[in-house]
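Novice: Sequence first, then the predicted structure:
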Number of protein chains: 4
Amino acid sequence: TSPPMTRLTSRAMLRALPIPRPPVIHKYQCGHLLLVCGSQTYPGAAVLAALGARASGVGMLTIAVPESLKNTITLAVPEAVILPCPETDAGTIAALPVALTGYDFIAIGPGLTRSAQGIVQTVFSTNLPILCDADALNILAPWSGQRPGFTVLTPHEGEWQRLFPQLDLTQRVQAAQQAAQIAHAVVVLKGARTIIALPDGALAVNPASTPGLARGGSGDVLTGLLGGLLAQGVKQNRDLTALVQAGVWWHAQTGLWLAKQYGELSVHPQQLTNDLATVLGQLIQAVAPGKK
Amino acid sequence: TSPPMTRLTSRAMLRALPIPRPPVIHKYQCGHLLLVCGSQTYPGAAVLAALGARASGVGMLTIAVPESLKNTITLAVPEAVILPCPETDAGTIAALPVALTGYDFIAIGPGLTRSAQGIVQTVFSTNLPILCDADALNILAPWSGQRPGFTVLTPHEGEWQRLFPQLDLTQRVQAAQQAAQIAHAVVVLKGARTIIALPDGALAVNPASTPGLARGGSGDVLTGLLGGLLAQGVKQNRDLTALVQAGVWWHAQTGLWLAKQYGELSVHPQQLTNDLATVLGQLIQAVAPGKK
Amino acid sequence: TSPPMTRLTSRAMLRALPIPRPPVIHKYQCGHLLLVCGSQTYPGAAVLAALGARASGVGMLTIAVPESLKNTITLAVPEAVILPCPETDAGTIAALPVALTGYDFIAIGPGLTRSAQGIVQTVFSTNLPILCDADALNILAPWSGQRPGFTVLTPHEGEWQRLFPQLDLTQRVQAAQQAAQIAHAVVVLKGARTIIALPDGALAVNPASTPGLARGGSGDVLTGLLGGLLAQGVKQNRDLTALVQAGVWWHAQTGLWLAKQYGELSVHPQQLTNDLATVLGQLIQAVAPGKK
Amino acid sequence: TSPPMTRLTSRAMLRALPIPRPPVIHKYQCGHLLLVCGSQTYPGAAVLAALGARASGVGMLTIAVPESLKNTITLAVPEAVILPCPETDAGTIAALPVALTGYDFIAIGPGLTRSAQGIVQTVFSTNLPILCDADALNILAPWSGQRPGFTVLTPHEGEWQRLFPQLDLTQRVQAAQQAAQIAHAVVVLKGARTIIALPDGALAVNPASTPGLARGGSGDVLTGLLGGLLAQGVKQNRDLTALVQAGVWWHAQTGLWLAKQYGELSVHPQQLTNDLATVLGQLIQAVAPGKK
């Protein structure tokens, strides 16, 4: 029997998002995300992930970055709490200065460089729900073992080949399913038709995207957006898999909208973080009668 | 007898704001606000408070921050005068480098951390009108004693429980009234229906808000906005209580407008500071015949 | 006989501006402005003056600032050439590191603090056309002597009283005329109805403004805008007095437009620098048949 | 016989751009540009070139700058990978810290100062396709010798006179053709009617521009834009000469649009980088039936 395949429709995706919020709610009930990202070589990855998290509506955002990046992050995302970390001579995070308590979700990876092994292992060995992207995936590659908490992996094809070298990408759907089973994780195989596979074999394929998203930084935005949505989902006991699907879809819809407005060359990641709100507003209004 | 309850209507709130200005007026007549806020851990709280103050129209804005934050503030709010303060090893303000003269109003608290006790006591013991928020409230908790000048306290529920542990928040209206009496202050109990209570028992309840404001930084914006309005009010001998009401209402109306445009996930505090102007412009035009 | 009084009409002001440019022109023919401004206490004054200069269309912009401000200026106005200056312990410009050659115009003053006497005297004693504002006026006060080159002074009332204590501001028109004669300079007495007086007694009064401009930073924007227009005017042999009038009028028109859109509380100086272009575009289109 | 003269029509230029992208493409297939630019005196030139490159849609952008500029670049263009370079006492790039491998194209020059000779020679002697602008041209002047790879030179008239002093600019078309032959490069002679000349004598003249582009920074934007387009072109085996033409035309069309909206004084380079997308979106929609 073929595995269940979820269709990502506007209506279903809007239903998955943590809206409408209950009228009485405070910021700590809207989730606390810890982002672990950035280095002196890739400082902007932290900025883009933070801007993606901002767009998610997450209640509280803390960003662990090498301490030399703190002013940069503040200017880009002033509502973030900065967790300045001791850094190596190469400008990467040497260690996390605090215990990993008080966070609902951790997203780790963008811009870390492959030398940030220590903190990736630290995060990986917690019981918290986490998302691993970019250099966190490179550091974990090749994949071995599992972890107890809810886990999301978001490789693009290059990262995939390091992470799951045994799984043939010419059969993308099968490969994603097998990876999800092996890793006991939600696997998001990014590409023109991003695949979201669950350990139980369930599948979703994002139906539409734009090649305008094929540029450095698009993935960092997705990491922040998913992290922020999942922190809300954890705190509010929502369907986390549906939130991963909704985040992938929202990100792609925003890229499509930008490509339609300005052409495929103009879908740059900072613009994307600005227009996640624009596009969500339009989608909400488009399905408004059915939403309410 | 039930206490007087003010209805916060658009018309009343616009009448409370310091507009229209007299045609001939100079910047020193539009109030001078001192903001005391920020630390290396919470640098962005200072940015957001400053952007809130900018939106208030205040004539002169000075910001006391740890000296390592000065470039960050300048880029965000170039019209502000920077008062760089000596800082502790932990990156908090160690002391205020100047006497507190020449200011019409002081707003203190956002992002200070709880270790900034010295400066909170310094500000608290002046005769100037002040607003205390965030860590200033945590440092003053539990509340004891009163102060001579006009005082505004803006706790959310968490801060409240430290500040007035004896006052039961399941009875929000009564609790706010009692706190206002005890502290001899205007107490702004923030939440879905923010309550504004005066020492004499008078009350107002903000009629509408959005749960989209339930995220870190919303309160910092309110602190700056109220501070800027009150500095104008002090200088121009306006009704300060009505200005507190108007600021709470303006902030909430802007959140509502953003939630309507972009959805509840997109009401982030920096966007809020941008659109305070948008929303005020629309409200002024909506009631224009009655305003003039 | 009464002195000649120029009416500042839209048509006349647009005619005074250096547009349309000849089709073939290069950047060095569009003027080179040197701005001298800023200190660690007032870093944003340099940012705002630079943004005002940007809006003027000036071909080349160089900004002399204390060296610790260079990154701040770059982010705000990347097209500017930075002239980092040695600074005093108090964070003010200690000296200009280069000779004052190659510039068409110098605007000096915003945010210098009163301790920057040396550089104000250096600029004052050149033969170049200059504009003095803010602390440059405070340093030159009380006025004594004249200088050979074209000179513009832009005091607000507080600066006026230090600069020309003998000239009674209750008679603003007469006072401005006398000051222009004494200083042999174009005197711009800022206020609700800004007066522009020439040494020969000629006068212009800006017909309309908004009290929303009564806030810190509005004047810094004007200094940059006028400096940029005058650098173009010097290079292109245009009527410099008409350019001063046009700059004052453009600045005020932009304030009026913002006050109409967003209310008088929302006319903050950074917004002003953004919308100088918006307003000029509308004004050009409004008088287009007559302009061409 | 007269040389072939290409007419730069909207339709032809849109056809030259690397759009529409194939539906399945990843970021490394969209080109990797290395920008080498900036110094402490001209830090903003690096920012503007990077923003121009962003607008090109290039897949990966790396920026080599003096290490003191890294935070500045990150805030302006967070998706860029920073290559911090050791710097001289004068604040210029002393050397490139890595080998020049992995890049599809290098654009060098904006804001380097004339003392960055070493790195210009390093880049010049690679086999990679390159674009030289600004101080890279000044350092190479007077021109001698050729290089193996594809080369673009983008002088304005001042740089031209140092680079090809023997070629008379009163005969612009002839001079450009001769320079292209001598240098065995695509020569872009910037001005009101920018000329693009190939070594084989082929020519194109940009048909329309605005004198509003006559200001510092316009050229830096063009360098980044062309670099980004050419990196895509190299990776995707497109017609590189047509991309140079398309970039010059797109840049000029954006300037024209800004001048029409806001007047000729308001065409500043940062605004230009924002509106490259706006204008391309409109041009695509205007020719949509023919494009598809």
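Specialist: Ah, there it is.
Novice: what ranges do the helices span in the stretch 1-150 of chain A?
Specialist: In the stretch 1-150 of chain A, the segments counted as helices under DSSP state H, counting those that start in this stretch are A:10-16, A:43-55, A:70-76, A:117-124, A:134-140.
Novice: And the second one, what does it pack against?
Specialist: When you say that, I think you mean helix A:43-55. strand A:32-36, strand A:60-66, helix A:70-76, helix A:218-235, helix A:269-286, helix D:70-76, strand D:81-85 (3 or more CB pairs under 8 Å, 6 or more residues apart in numbering or on different chains; DSSP states H and E). In this view, the C-beta of every residue, glycine as well, is placed from N, C-alpha and C.
Novice: Output it as CSV, restricted to C-alpha atoms.
Specialist: In CSV, the C-alpha atoms belonging to helix A:43-55 read as follows (Å, rounded to 0.1, in the frame of the first residue of the first chain):
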residue,chain,number,x,y,z
PRO,A,43,27.4,36.3,10.2
GLY,A,44,24.4,37.0,8.0
ALA,A,45,23.0,33.5,8.3
ALA,A,46,22.2,34.4,11.9
VAL,A,47,20.5,37.6,10.8
LEU,A,48,18.4,35.8,8.2
ALA,A,49,17.4,33.0,10.6
ALA,A,50,16.4,35.6,13.2
LEU,A,51,14.4,37.5,10.7
GLY,A,52,12.7,34.3,9.7
ALA,A,53,11.9,33.6,13.3
ARG,A,54,10.5,37.1,13.7
ALA,A,55,8.1,36.4,10.9
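Novice: what number of residues lie near the closest residue in space to residue A:60 that isn't next to it in sequence?
Specialist: Leaving aside its chain neighbours, residue A:60 sits nearest to residue A:32 (4.1 Å; criterion: CB to CB, 6 or more residues apart in numbering or on different chains). For residue A:32, the neighbour count with other CB atoms under 10 Å in any protein chain shown is 22.
Novice: Repeat that for residue A:228.
Specialist: 32.
Novice: where's the nearest residue to it once chain neighbours are set aside relative to residue D:155, distance?
Specialist: Distance criterion CB to CB, 6+ apart; nearest residue to residue A:228, sequence neighbours excluded, is residue A:56 at 2.6 Å. Separation of residue A:56 from residue D:155 (CB to CB, to the nearest Å): 47 Å.
Novice: neighbour count winner among the two?
Specialist: The neighbour count for residue A:56 versus residue D:155, taken as other CB under 10 Å, is higher for residue A:56 (29 against 25).
Novice: I'd say residue A:112 and residue A:132 touch.
Specialist: No - assessed by CB atoms under 8 Å, residue A:112 is found out of contact with residue A:132, at 10.4 Å.
Novice: what about the closest residue in space to residue A:240 that isn't next to it in sequence, how many neighbours?
Specialist: In space, and not counting its chain neighbours, residue A:240 is closest to residue A:233: 5.0 Å by CB to CB, 6+ apart. Look at residue A:233: counted by other CB under 10 Å, it has 27 neighbours.
Novice: got it, and residue A:66?
Specialist: Here the count is done by other CB under 10 Å, and residue A:66 has 25 residues near it.
Novice: Show me what it is bridged to.
Specialist: Residues in a beta bridge with residue A:66, per DSSP bridges, are residue A:85.
Novice: Identify the residues contacting it.
Specialist: When contacts are counted by CB atoms under 8 Å, 6 or more residues apart in numbering or on different chains, residue A:66 touches A:38, A:39, A:40, A:84, A:85, A:87, A:91, A:92, A:93.
Novice: and if you look at residue A:226?
Specialist: A:52, A:56, A:107, A:131, A:152, A:154, A:188, A:243, A:244, A:247, A:248.
Novice: Apply 10 Å and report the result again.
Specialist: Contacts of residue A:226 were listed using CB atoms under 10 Å, 6 or more residues apart in numbering or on different chains, and they are A:33, A:49, A:52-53, A:56, A:105, A:107, A:131, A:133, A:152, A:154, A:186, A:188, A:233, A:240, A:243-244, A:246-248, A:250-251.
Novice: Report pLDDT for it.
Specialist: The per-residue pLDDT reported for residue A:226 equals 98.
Novice: And for residue A:3?
Specialist: pLDDT, residue A:3: 66.
Novice: I'd say residue A:96 and residue A:35 touch.
Specialist: No - using CB atoms under 10 Å, residue A:96 makes no contact with residue A:35, being 12.0 Å away.
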